[in-house]
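S.K.: give me coordinates for this.
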Amino acid sequence: MNDEQVSVAEPADEADERPEQPEQPRKRKRRGPGPVTLLVLPALVTVTGVAAFLALGGLPNPWPDDSEANPSASVDIDPSYVPWLREAASACTVLEPSVLAAQIDQLSGWSDDTDALSGQKGIAGFTDGEWRNWGKDDDGNGHSSPRDPADAIMALGRRDCSLAGKVTELRTEGRVNGDLVELTLAAYAAGEDAVTKAGRVPAEAKTYLAEVQALIPRYEALDRDDSGGGAGGAAGTLLTAPVSPLTITSPFGSREHPLTGVTKLHTGVDFAAPQGAQVVAARKGRVVFAALTSAYGNRIVIDHGTIQGKGVQTTYSHLSSLGAAVGQTVEAGTPIGRVGSTGLSTGPHLHFEVILDGYYTDPRPWVVAGG
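M.R.: Prediction:
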């Protein structure tokens, strides 16, 4: 409809009798949208709509972030620490590897720099006096040091487990109340006497406790049996046992060779096993060496790729026969040979090694639950 009013002529006498009316402004005729509006307005509407849509969640992500579904992806620590965290935590039922890892994160951020003011050393922040009480040569490399990550992790586990035992006894006697993990961490931060006096987590320990608890979710993947990549080993291990049962006759560390008499690093673990017993791959990987050597006898080396950026290989020596070939892909538990006594050996056994980024490391915490 046209909004412009149509004027109707009135008789002169009627018009003269009406009072004078103020002149009405003439209404402007509406116009359609101009060319600029036609171009700009749809774009503004589109941008506004897209912004609102995205604010409400937008389209589902075709490549969803699986960090929550796979928490182990968020654990960013040296993978060689993982077996030691699990072994240290296995010393008592109160501890989990995630608790120890969170403590170390809070104490040092995984840095082994020495604090010149406090005298604390290594990733677990031990003073010299504390180290005399708790430190040992746990990795068998010939010296005990708070700057040795394996030694430090095990020492922290011993200290925590000792405190856990004391607060458990106090709670049993009804002298304190609260969660055992929280009470243990409180005793670490403020001392057993402070916990006993307060009868609960004392005020002076609450900040430390809150900081550690906030970090625990970051490391909870370490508490699961499969967080090491589904190797299929016993709970708390990363590798499947290469022989069964696991009976250690010579551990990793410095020793005098029984045949040569030379004292040097024993680069693996000797597992007792009868002649001809089945030897299996400890983890999925690819065979990169399978041949007879002078010292190791029949020897197989399997490359397992990387665990959080660190290359991992396992070796199997003194075999009576080789059951795998170079280039073959194997799964955890795949038969690869038989126990023997070839090479420099005093009797049938399996010499088993774990090589981490080219360096030998103690295989025990990798395959033996609880060390």
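
S.K.: what ranges does this protein have for its strands?
M.R.: 248-250, 253-256, 263-266, 269-272, 278-280, 285-293, 297-307, 310-319, 321-322, 329-330, 335-338, 349-356, 359-361 (DSSP state E).

S.K.: okay, the lengthiest helix in the chain in CSV with CA atoms only?
M.R.: Scanning the chain for the longest helix, with DSSP state H as the assignment, gives helix 149-172. What follows is helix 149-172, C-alpha atoms only, in CSV (Å, rounded to 0.1, in the frame of the first residue of the first chain):
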residue,chain,number,x,y,z
PRO,A,149,66.8,-40.0,39.3
ALA,A,150,66.4,-43.7,40.0
ASP,A,151,68.0,-43.5,43.5
ALA,A,152,66.0,-40.3,44.3
ILE,A,153,62.6,-41.8,43.2
MET,A,154,63.2,-44.9,45.3
ALA,A,155,64.3,-42.9,48.3
LEU,A,156,61.2,-40.7,48.1
GLY,A,157,59.1,-43.8,48.0
ARG,A,158,60.8,-45.3,51.1
ARG,A,159,60.3,-42.0,52.9
ASP,A,160,56.7,-41.7,52.0
CYS,A,161,56.0,-45.3,52.8
SER,A,162,57.6,-44.9,56.2
LEU,A,163,55.3,-41.9,56.9
ALA,A,164,52.3,-43.8,55.5
GLY,A,165,53.0,-46.6,58.0
LYS,A,166,53.1,-44.2,60.9
VAL,A,167,50.0,-42.2,60.0
THR,A,168,48.1,-45.5,59.4
GLU,A,169,49.0,-46.6,63.0
LEU,A,170,47.9,-43.2,64.3
ARG,A,171,44.6,-43.5,62.6
THR,A,172,44.1,-47.1,63.8
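
S.K.: ok so, going back, turn the strands of the chain into TSV, columns for distance to residue 107 and mean neighbour count.
M.R.: Any C-beta I mention is one placed from the backbone N, CA and C, and that applies to glycine too. Putting the strands of the chain into TSV (distance: least, CB to CB, whole Å; neighbours: other CB atoms under 10 Å) gives the following:
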stretch	distance to residue 107	mean neighbour count
strand 248-250	32	15
strand 253-256	27	13
strand 263-266	30	13
strand 269-272	31	22
strand 278-280	39	20
strand 285-293	35	16
strand 297-307	24	19
strand 310-319	23	23
strand 321-322	47	15
strand 329-330	40	16
strand 335-338	42	20
strand 349-356	24	23
strand 359-361	23	16
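
S.K.: now the ones you listed as TSV including mean pLDDT and distance to residue 126?
M.R.: Formatted as TSV, these follow (pLDDT from 0 to 100; distance: least, CB to CB, whole Å):
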stretch	mean pLDDT	distance to residue 126
strand 248-250	90	28
strand 253-256	75	22
strand 263-266	76	25
strand 269-272	94	27
strand 278-280	96	39
strand 285-293	94	36
strand 297-307	91	27
strand 310-319	92	25
strand 321-322	96	46
strand 329-330	94	41
strand 335-338	96	41
strand 349-356	93	24
strand 359-361	85	22
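
S.K.: so which of these comes closest to residue 99?
M.R.: Nearest to residue 99 among those is strand 297-307 (21.6 Å), distances taken as CB to CB.

S.K.: in its sheet, what does that closest one sit against?
M.R.: strand 285-293 (antiparallel), strand 310-319 (antiparallel) (DSSP bridges).

S.K.: now distance to residue 191 too, for the strands of the chain, in CSV please.
M.R.: Formatted as CSV, the strands of the chain follow (distance: least, CB to CB, whole Å):
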stretch, distance to residue 191
strand 248-250, 38
strand 253-256, 35
strand 263-266, 40
strand 269-272, 39
strand 278-280, 48
strand 285-293, 47
strand 297-307, 38
strand 310-319, 37
strand 321-322, 58
strand 329-330, 52
strand 335-338, 52
strand 349-356, 37
strand 359-361, 35
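
S.K.: for residue 182, find the nearest of the ones you listed.
M.R.: Per CB to CB, nearest to residue 182 of the strands of the chain: strand 297-307, 31.6 Å.

S.K.: can I get the CA coordinates of the closest one in CSV?
M.R.: Extracted C-alpha coordinates of strand 297-307, given in CSV (Å, rounded to 0.1, in the frame of the first residue of the first chain):
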residue,chain,number,x,y,z
GLY,A,297,76.3,-66.5,22.0
ASN,A,298,73.0,-66.6,20.0
ARG,A,299,71.6,-63.1,20.5
ILE,A,300,68.4,-61.4,19.4
VAL,A,301,67.9,-57.6,19.6
ILE,A,302,64.3,-56.2,19.2
ASP,A,303,63.7,-52.5,18.5
HIS,A,304,60.4,-51.4,20.2
GLY,A,305,60.4,-47.9,18.7
THR,A,306,59.9,-45.0,21.2
ILE,A,307,58.1,-44.5,24.5
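
S.K.: show residues contacting it.
M.R.: By CB atoms under 8 Å, 6 or more residues apart in numbering, the residues outside strand 297-307 that reach it are 79, 228-229, 238, 281-293, 311-322, 324, 330, 336-337, 340-345.

S.K.: and stretch 163-173, by the same measure?
M.R.: For stretch 163-173, contacts defined as CB under 8 Å, 6+ apart pick out 92, 94-95, 176-178, 180, 183-184, 187-188, 192, 195-196.

S.K.: for that stretch, which residues meet the burial criterion?
M.R.: Within stretch 163-173, the residues scored as buried using 16 or more other CB atoms under 10 Å are 163-164, 166-168, 170-171.
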